[in-house]
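# Below are the sequence and a predicted model for it; my questions follow.
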Amino acid sequence: MRLAADAVRVSVPATAGNLGPGFDALGMALGVSDEIEVRAVATSSVTMEIEGEGADTLPRDETHLVVRALREALDHVGASQVGLAIRAVNRIPHGRGLGSSAAAVVAGISAARGLIAEPEALSAEVALDIATRFEGHPDNAAPAIYGGATAAWTDGSGAHAVPLQVAAEIETAVLIPRSVLPTQQARSVLPALVPHKDAAFNAGRAALLVNALAGRPEDLFAATEDRLHQGYRAEVMVAAPAMIAHLRAQGLGAVVSGAGPSVLVLGTDLASHGLGTGAVHWAEGIGGESWRCVHTVERVPGATSTRV
């Protein structure tokens, strides 16, 4: 397949995985996005400019996730590999459970989609399957691609996802601490086996959550309970459990965002609870942290790519 464009601009949202009980399955796009611009150049080299998150630490060569995913997507459709000049503006915090790695992977795939002559060859379904091979699970990649809230799963044929209905009155707020927690460390404390009663508990809560999102916000508090991962991860993230306890004492549906240590709140009229975008002064010191908030009211679209 040939390339049909020299440059493409991509936007990909942050995401919260799990949403409490939906471990590795449920996810939602959040109102902060990374943007990248990719130009195909007539050399074999890669150059990268990075602004914002990770500017001091991320690689600027073939090992960068955006580049790896882009090249994997081009190989998938049989397109020629080219030199790349990339400019990235990273707004999604790293190491905070907001899907920054999934966003980078989806950005690379979306950039490839914008460059090739037949973008339908990298459909949402194909993009999800490629992204899941990078991520190992689809709960962040799915909302990054489809937008809104999604349920995702894998089987013998690959990764799949469906959009979930979310009532217009349901909002999200994600509270972001200063501290970071690598996903690998957060996963390392999870047990290989869990009690049957805990698995049954989460299955019921995940089903209730899907229904609550569709228009029963009064059920969000019960629907966001979890016994599969948050309790085990408490030993490696002190601040998140403290913040969750504080918020749930007010009747709010608060959960760990992805692998943490950010905290996601699902509810209505969240600004009235002091959960507007910006610094959260009332939260200073909870869990020994300073916190800032991203408040999202409307549905967040998935990744977009525009030829430039």
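Good, I have the coordinates. Here the structure is a predicted model, which is why all the values come from computation and not from measurement. Numbers count the residues shown, from 1 in each chain.
# Please make it C-alpha for all contacts and neighbour counts, starting now.
Will do.
# Ala200: helix or strand, and which one exactly?
Element membership for Ala200 (DSSP states H and E) is helix 196-213.
# same thing with Ala79?
With DSSP H and E as the test, Ala79 turns up in no helix or strand.
# list the contacts for Arg2?
79-80, 116-117 (CA atoms under 8 Å, 6 or more residues apart in numbering).
# and with 6 Å instead?
79, 117 (CA atoms under 6 Å, 6 or more residues apart in numbering).
# From Glu125, how far off is it?
21 Å (CA to CA, to the nearest Å).
# Same question for Leu58.
Counting by CA to CA - Leu58 and Glu125 are separated by 28 Å.
# between the two, which one's more packed in?
Glu125 (17 against 12; other CA atoms under 10 Å).
# looking at this, that one is in a strand?
No. Counting by DSSP: H, G, I helix; E, B strand; the rest coil, one finds Glu125 to be helix, located in no strand.
# Just want to check the distance between it and Ile86.
25 Å.
# So Val12, which state does it fall into?
Val12 is classified as strand under three-state DSSP.
# and it, bridged to which residues?
Counting by DSSP bridges, Val12 is bridged to Asp34.
# same question, Glu171
Following DSSP bridges, Glu171 is listed with bridge partners Gly267.
# isn't it right next to Asp269, touching?
No. The criterion here is CA atoms under 6 Å, and Glu171 misses it with Asp269 at 7.2 Å.
# Comparing those two, which shows the higher neighbour count?
It is Glu171, of Glu171 and Asp269, that has more neighbours when counted by other CA under 10 Å, with 22 against 15.
# how near is Tyr232 to Ala42?
For Tyr232, the distance to Ala42 - CA to CA - is 50 Å.
# go on, Ile145?
29 Å.
# Looking at the two, which has the bigger crowd around it?
Between Ile145 and Ala42, Ile145 has the larger neighbour count (other CA under 10 Å), namely 29 against 9.
# May I have whichever strand or helix holds the more buried one exported as CSV, CA atoms only?
Here Ile145 is covered by helix 141-146, with elements defined by DSSP H and E. Taking Å, rounded to 0.1, in the frame of the first residue of the first chain, the C-alpha atoms of helix 141-146 are listed here in CSV:
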residue,chain,number,x,y,z
ALA,A,141,-6.8,1.6,24.1
ALA,A,142,-10.5,1.1,23.4
PRO,A,143,-11.8,4.5,24.7
ALA,A,144,-8.7,6.2,23.3
ILE,A,145,-9.8,4.9,19.8
TYR,A,146,-13.7,5.0,20.1
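# Name the residues of it that are buried.
141-146 (16 or more other CA atoms under 10 Å).
# List of residues touching that helix?
When contacts are defined by CA under 6 Å, 6+ apart, helix 141-146 is touched by residues 13, 28-29, 102, 149-150, 302-303.
# Name the next helix or strand downstream of it, please.
As the chain continues past helix 141-146, the following element, by DSSP H and E, is strand 149-155.
# What helices and strands are in contact with that following strand?
strand 26-41, strand 158-164 (3 or more CA pairs under 6 Å, 6 or more residues apart in numbering; DSSP states H and E).
# could you say what helices and strands the shortest one packs with?
Using 3+ CA pairs under 6 Å, 6+ apart, the elements in contact with strand 158-164 are strand 149-155.
# So which residue is smack in the middle of the protein?
Thr15 (2.5 Å; CA atoms, centre = their mean).
# Test my guess that it contacts Leu26.
No. In this structure Thr15 lies outside contact range of Leu26 using CA under 6 Å: 10.4 Å.
# Mind pulling the model confidence for His64?
His64 carries a pLDDT value of 97.
# Could you do His160 as well?
Reported pLDDT for His160: 98.
# again with Glu218
Glu218 is given a pLDDT of 98.
# What sits closest to the residue nearest to the centre of the chain if chain neighbours are left out?
Ala29 (4.3 Å; CA to CA, 6 or more residues apart in numbering).
# With Gly83 instead?
The spatial neighbour of Gly83 that comes closest, neighbours along the chain excluded (CA to CA, 6+ apart), is Ser44 at 4.3 Å.
# Beta-bridge partners for the spatially closest residue to Glu51 that is not a sequence neighbour, please?
Excluding its sequence neighbours, the residue lying closest to Glu51 (CA to CA, 6+ apart) is Val89, at 4.8 Å. Counting by DSSP bridges, Val89 forms beta bridges with Glu35, Glu51.
# I'd say Val89 and Glu49 touch.
No. Counting by CA under 6 Å, Val89 sits too far from Glu49 to count as a contact (8.4 Å).
# if you count what's nearby, which of these two comes out ahead?
Legend: neighbour count by other CA under 10 Å for Val89 and Glu49, higher for Val89 (18 against 13).
# Let me see the contact set for that one.
Neighbours of Val89 in contact, by CA under 6 Å, 6+ apart: 34-35, 51-52.
# Ok, Gly83 next?
Neighbour list for Gly83: 40-41, 43-46 [criterion: CA under 6 Å, 6+ apart].
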